[in-house]
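K.L.:
below: sequence and its predicted model.
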Amino acid sequence: MEALLQLAIFFTLLALGYLFGRRAESKHYKSIREREEQLRYLVVLNQRFPPPGMLSHRTDMVTGNVVISVDYFKTVVAGLRNLVGGNLNSYESLLDRARREAILRMQEQAALRGAEAVINLKFETSRIAGNSAKGIGSVEVLAYGTALTHPDK
Amino acid sequence: MSLPDGNPRIPEGINARNDHPLREFLILAAGISGALVALVLVLGLTAKLIAPYIPFSWELSAAPSMQDLLAGDDADPGAARALSALSNSLLQSSLKVPVNGKDPKDVAPPEHFRFSLVKLDYPNAFATLGAQIAVTEALLQHVSSENGLAMVLAHEIAHVQLRHPIEAAGRGIVVQIALAALLGDSSANLLGGSLSTGSMLTLLSFNRDMELQADRRALDILRAHYGHVGGADEFFLDMAADPHSADWLEFAQTHPSSKRRLQLIRQAIREDGPGDATVALPEALQPNQPLQ
């Protein structure tokens, strides 16, 4: 009886994780694509030095930071994947979203300053260990770079 | 070098594939549960094959004491003595019936058997590790002759002599260890019970084959003891008379295929023909006897 109850809880969590996680993911991807389109003009590069024409531009550090939680469904899939190895597809989309969202937030900061470009883009990724003992964790992605703003602005 | 006009459009589906997440889940879940079922079957079969070769002395040292596990008040000492006397004489008769071609004395030395009467209010009987056999007081209400009670006792003696407790315990432990090692400790909870609790050892669950085997041997023991198997179906008949009673449901839950077993016993009675009269229960075990 107790085992049945635990199974019921497990499947409820799984279904909730799947429904809400899937909904959140597709909404997030939609918003990411829209904002990427809006901020496409603000060039982001990973080269370390400003291009020759921008040597006298003002430089400021801009950062974009995002924390995304894993849903229960992804954790279960990852747990199963753990046993046999292979691509962890469910986490790949999670990190893909986090990185793109972090760049977008960094671009938004740069846009507020009136920057023309962001160079020297770097990423930091860390795990937020909060509940990770139970298998539910969240991931933090930080994107940072140097915004180049025209000296007259 | 001049700046590009804008950031490139990132093609979708390269860094994160657009596969449906349920697809991955279903493939993984099906594959892994299939492998686990196969593993459990193989381990269970191994335990079954190994069980007859585990020395009885090992079983004795691994056995928890039934008294510790079945927390109940002490039953009436007179009744307990009478039960032990009946059990021991059945045990002596059982030594005349070989176990799979082997002498029962070598399989499970009779001096290690312990019989107890426990004060529990649902009718049941158990055999567990270390040749410990318990009958609940409530069971006595459901038999009307010594033969009926003897069938229950012989059945439990047969379980021990067929090494069912060590097989069931071995299977349970091996499977739980394997699952805990593979899936982590939480799975042990999910599948019910942990290794440390004694519950698993007290109420070892015997499967359908084990119960039928034990019944066949029990009938042989009764033939050796009384010369006939009359009255062997008493307990089952009495219990099954009211198929909706809580006692029967409880019993059916811990003993699989009760219907099939009753058929087996009745068939044996039919084949043997009407035997001699059944023997009355020893006075101390009669249900209406006022408890001292």
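P.N.:
Perfect, thanks for sending it. Residues are numbered from 1 along each chain as shown, chains lettered A, B, ... in the order given.

K.L.:
tell me the secondary structure at the nearest residue to B:Ala75 once chain neighbours are set aside.
P.N.:
Ranked by C-beta to C-beta, 6 or more residues apart in numbering or on different chains and with sequence neighbours excluded, the top spatial neighbour of B:Ala75 is B:Leu117, at 4.1 Å. Any C-beta I mention is one placed from the backbone N, CA and C, and that applies to glycine too. What DSSP: H, G, I helix; E, B strand; the rest coil gives for B:Leu117 is strand.

K.L.:
list the contacts for residue 17?
P.N.:
Picking chain A for this. A:71-76 (C-beta atoms under 8 Å, 6 or more residues apart in numbering or on different chains).

K.L.:
right idea, wrong chain: chain B
P.N.:
Under the criterion of C-beta under 8 Å, 6+ apart, the neighbours of B:Arg17 are A:87, A:89, A:92-93.

K.L.:
which single one of the contacts of A:Gly17 is nearest to B:Ala30?
P.N.:
A:Val76 (13.9 Å; C-beta to C-beta).

K.L.:
pLDDT averaged over stretch A:115-130, what's the number?
P.N.:
When pLDDT is averaged over stretch A:115-130, the result is 89.

K.L.:
which outside residues touch it?
P.N.:
Applying C-beta under 8 Å, 6+ apart, the external contacts of stretch A:115-130 come out as A:42-51, A:54, A:57, A:60, A:62, A:67, A:95, A:98-99, A:102-103, A:106-107, A:110, A:137-150, B:3.

K.L.:
out of the residues you listed, which are inside helices?
P.N.:
Per DSSP state H, helices hold the following members of those: A:95, A:98-99, A:102-103, A:106-107, A:110.

K.L.:
returning to what we had before: drop anything exposed from the contacts of B:Arg17.
P.N.:
In the contacts of B:Arg17, burial by neighbour count holds for A:89, A:93, counting by 16 or more other C-beta atoms under 10 Å in any protein chain shown.

K.L.:
where does B:Ile265 fall, secondary structure wise?
P.N.:
helix B:258-272 (DSSP states H and E).

K.L.:
A:Ser93 should be in a strand, yeah?
P.N.:
No - using three-state DSSP, the assignment for A:Ser93 is helix, not a strand.

K.L.:
let me know the pLDDT of it.
P.N.:
Here the pLDDT value assigned to A:Ser93 is 90.

K.L.:
surely it is in contact with B:Asp19?
P.N.:
No - assessed by C-beta atoms under 8 Å, A:Ser93 is found out of contact with B:Asp19, at 9.3 Å.

K.L.:
re the thing from before, next, format the contacts of B:Arg17 as CSV and append distance to chain B.
P.N.:
Shown next, in CSV, are the contacts of B:Arg17 (distance: C-beta to the nearest C-beta, whole Å):
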residue, distance to chain B
A:Asn87, 8
A:Asn89, 5
A:Glu92, 5
A:Ser93, 4
